[in-house]
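# Just need the structure, nothing else, for what follows:
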Amino acid sequence: MKANKYIERDENAAKTFDNRSLDKDYKNLIQILKPGMSILDIGCGTGSISKDIANNIGPTGKVIGIDNTASFIESGQESYQSVSNLELIPVDLFDYNPDLKFDLIVSARTLQWLSNPKEALIKMKTLLKPNGQISILDYDHTNLIWNPLPPESMQEFYKTFLKWRADAGMNNKIAEDLPQLLKEAGFHSIEKINSDENYSRKDSDYISKIGIWSKVAGSTQMVDEGYLDNDLRIKAIEEYDNWIENSALSMTMKLNEVRGKL
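Sure thing, here's the model as predicted:
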């Protein structure tokens, strides 16, 4: 992996991004949004949350969303073209050098895919106005909670998934390490806000949310790279889907929003 690039993401993730919203998937951010703000959304995917932010801050504000996967941006440009104060740009963070500075920079579930998150935070700092603010939302994958535990095949798949990520330089518990990373990058007034994702059978989107790990296992990338036997991958999907239908009660993904000021 190149030092300043995102890990490659599955193109099928576009559908997952489209289903995300500010209210459900970045809910605490609303507290600091103000009319007229200039906001940069890094790793915006298709821009579904970016669109909600743009609508929240009103026509006097401006949101720019960037992502290094061009197909995600193209999808969002088509879907959200009616949002006049939203601009989506296909570019990597480290190659993005705009003329303007931002009041607020946000990034949701993106730094988890980087081998160099501190460098990314330092880059973000250069894009902020004086007294600007940053908000990073990300996971602690080491504390995923299933109730009850899923089949051993999925547990083994998930264990391999964490090793694959770690070997690629990704931080599996970045949600817990973000406060220190922001401090090292030069931010102050740092606060950590619990934003756990809790899914149970009473939720209308329960099957799609808890089924995220079947979708992850749908990729053959770890098989192709020699981390996983393909038969185990297929078995994990089949047994996990059966577990969801018949046994699963809930799943909690540990998630923090961490803010800092320049």
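# what bits of the chain have low per-residue confidence?
When the per-residue scores of the chain are filtered using pLDDT under 70, the ranges that remain are 1-18.
# Give me the longest strand you can find in it.
Of all the segments of type strand in the chain, defined by DSSP state E, the longest one is strand 128-147.
# On the C-terminal side of it, identify the next helix or strand.
Heading C-terminal from strand 128-147, the first helix or strand you meet, by DSSP states H and E, is helix 152-167.
# by contact count, what packs against that following helix?
Packing partners of helix 152-167 (3 or more CB pairs under 8 Å, 6 or more residues apart in numbering; DSSP states H and E): strand 128-147, helix 212-217, helix 221-224, helix 230-246. Backbone N, C-alpha and C define where each C-beta goes, glycine included.
# Kindly recompute the last result at 7 Å.
On a contact count with 3 or more CB pairs under 7 Å, 6 or more residues apart in numbering; DSSP states H and E, helix 152-167 meets helix 212-217, helix 221-224, helix 230-246.
# Determine the angle, from 0 to 180 degrees, between it and helix 230-246.
Helix 152-167 and helix 230-246 are oriented at 120 degrees to each other (axes from the mean of the first three to the mean of the last three CA atoms, to 10 degrees).
# Identify each buried residue in helix 152-167, please.
Within helix 152-167, the residues that qualify as buried by neighbour count (16 or more other CB atoms under 10 Å) are S153, M154, E156, F157, Y158, T160, F161, W164, R165.
# CA atoms of that helix as CSV?
Included here for helix 152-167 are C-alpha records, laid out as CSV according to Å, rounded to 0.1, in the frame of the first residue of the first chain:
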residue,chain,number,x,y,z
GLU,A,152,-17.3,-20.1,14.7
SER,A,153,-16.8,-19.6,11.0
MET,A,154,-17.8,-15.9,11.2
GLN,A,155,-15.7,-15.5,14.3
GLU,A,156,-12.7,-16.9,12.5
PHE,A,157,-13.4,-14.7,9.5
TYR,A,158,-13.6,-11.6,11.7
LYS,A,159,-10.3,-12.5,13.4
THR,A,160,-8.7,-12.9,10.0
PHE,A,161,-10.2,-9.6,8.9
LEU,A,162,-8.6,-7.8,11.9
LYS,A,163,-5.2,-9.4,11.1
TRP,A,164,-5.5,-8.4,7.5
ARG,A,165,-6.2,-4.8,8.4
ALA,A,166,-3.4,-4.7,11.0
ASP,A,167,-0.8,-6.2,8.5
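# just checking, next helix/strand downstream of that helix?
Moving toward the C-terminus from helix 152-167, the first helix or strand encountered (DSSP H and E) is helix 174-184.
# Run through who's touching that following helix.
Counting by CB atoms under 7 Å, 6 or more residues apart in numbering, helix 174-184 makes contact with 111-112, 117-118, 121, 136, 138-140, 171, 190, 192, 254-256, 258, 260, all of which sit outside it.
# What's the PyMOL syntax to select whichever of these are buried?
Provided next is the PyMOL selection string for whichever of the contacts of helix 174-184 are buried by 16+ other CB under 10 Å:
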select buried, resi 111+112+117+118+121+136+138+139+140+171+190+254+255+256+258+260
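# Can you list the strands that the longest strand of the chain pairs with?
When pairs are called by DSSP bridges, strand 128-147 turns out to pair with strand 102-108 (parallel), strand 250-261 (antiparallel).
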